[in-house]
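Asks: Quick one, structure for this:
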Amino acid sequence: MLQSIHHIQITIPPGMEIEARAFYCQYLGLQEIEKPLPLQMRGGFWMQLGAQQIHVGTETGVNRGATKAHIAYLVLDLADWREKIAAYGLTVLESEPIPGFQRFEFRDPFGNRVEFLERCSALPAT
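Replies: Just a heads-up that it's a prediction; the model follows:
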């Protein structure tokens, strides 16, 4: 029986850990956690968000910009995040609407697709 998602993994080119930490940990505010010692020599780093972990691994020869695979973050104040991502110099792309959410997507500095979603408040009855 599946119980929950423990972690997801995204990848960056080898040697880009400093830049990835700056974007994900400093700019977006994700918390870095210690990667187990036996895995540290592989490069990358790990982060925690709530009960889930996000593992950043290194990988060569990948066209991250050609995939629809992505991570989606539930956020508060989507408009503020939209401005913050644009101010970083990343292109904000509109996503197809889905019921109950406002959302947008972008490619991180390494080409990974990222989605930000915010729950819509219920509309008052008329």
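
Asks: What residues does the closest residue to residue 20 other than its chain neighbours make contact with?
Replies: Counting by Cβ to Cβ, 6 or more residues apart in numbering, the nearest residue to residue 20 once its immediate chain neighbours are dropped is residue 12, at 4.9 Å. C-beta here means a position set from N, CA and C on the backbone, and glycine is covered the same way. Contact analysis of residue 12 by Cβ atoms under 8 Å, 6 or more residues apart in numbering lists 19, 20, 44, 56, 57, 58, 59, 110, 112.

Asks: all strands for this protein, in order.
Replies: Ranges of strands within the chain are 7-12, 31-33, 45-49, 52-58, 70-74, 93-94, 101-107, 113-119, based on DSSP state E.

Asks: Please report the distance of the nearest residue to residue 4 once chain neighbours are set aside from residue 77.
Replies: Closest residue to residue 4 apart from its sequence neighbours, by Cβ to Cβ, 6+ apart: residue 51 at 7.2 Å. Look at residue 51 and residue 77: by Cβ to Cβ, to the nearest Å, they are 22 Å apart.
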